[in-house]
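> Turn this into a structure:
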Amino acid sequence: MNAPLVATVPALDVATDFPILQQTVNGKPLVYLDNGATTQKPQAVIQAIADYYESSNANIHRGVHYLSQHATERYDAARETVRQFLNASRSEEIVFTSGTTAGINLVAYSWGLHNLRKGDEILLTGLEHHSNIVPWQFVAQQTGAVIRVAPVTDAGEVDQQAYRQLLNGKTRLVALAHVSNAFGTINPVSDMVAAARQAGARVLIDGAQAVAHKVVDVQALDCDFYVFSAHKLYGPTGMGALYTRYDVLDAMPPWLGGGDMIHTVSFEGSTYAPVPQRFEAGTPNIAGVVGLQAAIQYVQHVGLERIQAHEQALLDYTNQQLRSVSGLQILADTAPRSGIASFVLEGIHPHDLGTILDTEGVAIRAGHHCAMPLMTRFGIPGTARASLAMYNTHADIDALVAGLHKAQSLFGTGHRA
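Numbering: from 1, shown residues only. Below is the predicted model of the structure:
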């Protein structure tokens, strides 16, 4: 008996806003399912960046001339856009960075090195991206702090009982992903933050895989730090933002030294600018900030609630179609997931699968997804990952599944269900 069809995907009809999607690859229409790595950019973002260079290009916070003043206004307005997007309480809580990795490193070196001591504990989870592991290893090596890891269940979720048992009076920081980049697992971050708060710990949330797919309210989450990248939010690469609770940020020393982060400088010593300028040394990625603002405005125009509904319905369809492929296993299949289907196909290495799908014009990610400890936990070298965005459709998933059947035919494995 055939499984019942999933609900119809709410139509968004936005693909034509993305110029790159209007091309063919290997003679086939491009099917882009690598959005967990980076999303494509709508014309509104591309035009905003081009417009900045055409009409506003100048350094900020330095000049009294028109272009400098105009660029500064655009830069400061973008900060307010990010504040509203995350529902931070004040714009000074937003620091522009080059991305999620830079944001986590900023917290690690500015907050971590100055607040962690020998014997203090940093609690991570087994779902983390390398960028939320390695910086804490650096800090632990330099401070004597100890890293603890909340394990992952066979279902691909953080073991919540074990997580709570690991929280104790020595836990100074909890750092966890809002959504797993490798499996798409959605962590119950509100509950996890509340538990960390009871233990007296600060909390950092890696929101790289969340902000493009769901509404984020940092005040409701009650976290101390929240980081994300623009390029996973339909914005430019090399751009991101860090939210930090104001009282925490104001007490943190600068990490990078240079222009625009100072108040006074002499050879005898320097004083520093207030937050957030204290953490934005040198000429920033002004065009990237403009692009980030345009990306947020585009997403808000489409509507995050509509995007989430579309992607969840499409994920349901994706799960149904993938389950029809013999020998295919979806990781974290029963866990709550956000727009990601990460799977292994019996007898075919993920890299081979990615290569074959590319010949069909289908772009996925294959490998360990910068989550090697998670792959080790499941005893696999990697997975094939199809990650969804607002512009994906049923037809994209059908092309993916057709490509999987072709791969099985080439490798002589499986059969049509």
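> Give me the below-cutoff pLDDT ranges for the stretch 151-300 of the chain.
For the stretch 151-300 of the chain, no stretch is flagged by pLDDT under 70.
> can you give me the strands in it?
171-177, 202-206, 225-229, 240-244, 262-266, 269-272 (DSSP state E, counting those that start in this stretch).
> closest to residue 290 out of the ones you listed?
Nearest to residue 290 among the strands of the stretch 151-300 of the chain is strand 240-244 (13.4 Å), distances taken as CB to CB. Quick note: C-beta positions are derived from backbone N, CA and C, even for glycine.
> Show me what the closest one is packed against.
With contacts taken as 3 or more CB pairs under 8 Å, 6 or more residues apart in numbering; DSSP states H and E, strand 240-244 sits against helix 66-86, strand 94-97, helix 100-106, strand 225-229.
> The last one versus strand 202-206: what angle between them?
Read that as strand 225-229. Following axes from the mean of the first three to the mean of the last three CA atoms, to 10 degrees, one obtains 10 degrees for the angle between strand 225-229 and strand 202-206.
> Just checking: what are the partner strands of strand 225-229?
Sheet pairing for strand 225-229, assigned by DSSP bridges, gives strand 202-206 (parallel), strand 240-244 (antiparallel).
> How far does the first one sit from its chain's centre?
What that stands for is strand 202-206. Its chain's average C-alpha position is 13 Å from that of strand 202-206, according to CA atoms, centre = their mean, to the nearest Å.
> Now do the helices in this structure.
For the chain, the helices defined by DSSP state H cover 43-55, 66-86, 100-106, 113-115, 134-143, 160-166, 189-198, 218-221, 246-250, 286-302, 304-323, 350-359, 372-378, 394-411.
> who's in contact with residue 193?
174, 203, 205, 221, 222, 223 (CB atoms under 8 Å, 6 or more residues apart in numbering).
> Show the buried residues in those residues.
174, 203, 205, 221, 223 (16 or more other CB atoms under 10 Å).
> Hmm, residue 103 is touching residue 96, no?
No: Residue 103 is beyond contact range of residue 96, at 9.5 Å (criterion: CB atoms under 8 Å).
> Spit out the residues that contact these two alike.
240, 241.
> In terms of neighbours, single out the busier of the two.
Under the neighbour definition other CB atoms under 10 Å, residue 103 and residue 96 were set side by side, and residue 103 has more, 30 against 24.
> what's the pLDDT at residue 3?
You'll see residue 3 listed with a pLDDT of 46.
> same question, the one 10 residues further on
Per-residue confidence at residue 13 stands at 91 (pLDDT).
> how much space is there between it and residue 343?
According to CB to CB, to the nearest Å, residue 13 and residue 343 sit 28 Å apart.
> Out of the helices of the chain, the one nearest residue 337 is which?
For the helices of the chain, distance to residue 337 was read as CB to CB. The smallest value, 6.6 Å, belongs to helix 304-323.
> Buried residues, the closest one. List them.
By 16+ other CB under 10 Å, the buried positions in helix 304-323 come out as 304, 307-308, 310-315, 317-319, 321-322.
> Stretch 199-206 now?
For stretch 199-206, a neighbour-count test (16+ other CB under 10 Å) marks 199, 201, 202, 203, 204, 205, 206 as buried.
> and which of these is nearest residue 375?
Ranked by distance to residue 375 (CB to CB), the buried residues of stretch 199-206 are led by residue 206 at 17.9 Å.
> roughly how far is stretch 52-72 from the heart of the chain?
30 Å.
> start to end distance for that stretch?
Its first and final residues considered, stretch 52-72 spans 11 Å by CA to CA, to the nearest Å.
> for the record, mean pLDDT for it?
The pLDDT scores in stretch 52-72 average 94.
> so who does the spatially most central residue of the chain touch?
For the chain, the residue nearest the mean C-alpha position is residue 208 (1.3 Å; CA atoms, centre = their mean). Shown in contact with residue 208 (CB under 8 Å, 6+ apart): 100, 129, 177, 181, 227, 228, 229, 232.
> can you tell me how far residue 61 sits from residue 27?
50 Å.
> quick one: contacts for the closest residue to residue 21 other than its chain neighbours?
In space, and not counting its chain neighbours, residue 21 is closest to residue 15: 5.4 Å by CB to CB, 6 or more residues apart in numbering. Counting by CB under 8 Å, 6+ apart, residue 15 touches 21, 391, 393.
> Could you tell me how far residue 15 is located from residue 390?
In terms of CB to CB, residue 15 sits 9 Å off from residue 390.
> same question, residue 326
Using CB to CB, residue 326 is found at 31 Å from residue 390.
> re earlier: turn the strands of the stretch 151-300 of the chain into TSV, including distance to residue 384.
Output for these, formatted as TSV (distance: least, CB to CB, whole Å):
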stretch	distance to residue 384
strand 171-177	20
strand 202-206	23
strand 225-229	23
strand 240-244	27
strand 262-266	49
strand 269-272	47
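> Nearest approach to residue 48 belongs to which of the ones you listed?
Nearest to residue 48, of those and by CB to CB, is strand 240-244 at 16.4 Å.
> Which residues outside that closest one are in contact with it?
Residues contacting strand 240-244 (CB under 8 Å, 6+ apart): 82, 86, 88, 93-100, 102-103, 106-107, 218, 224-230, 252, 279, 292.
> ditto for stretch 97-113
The contact list for stretch 97-113 (CB under 8 Å, 6+ apart) reads 95, 122, 131-132, 135-136, 138-139, 142-143, 145, 173, 175, 202, 204, 206-208, 225, 227-231, 237-242, 244, 248, 252-255, 279, 285.
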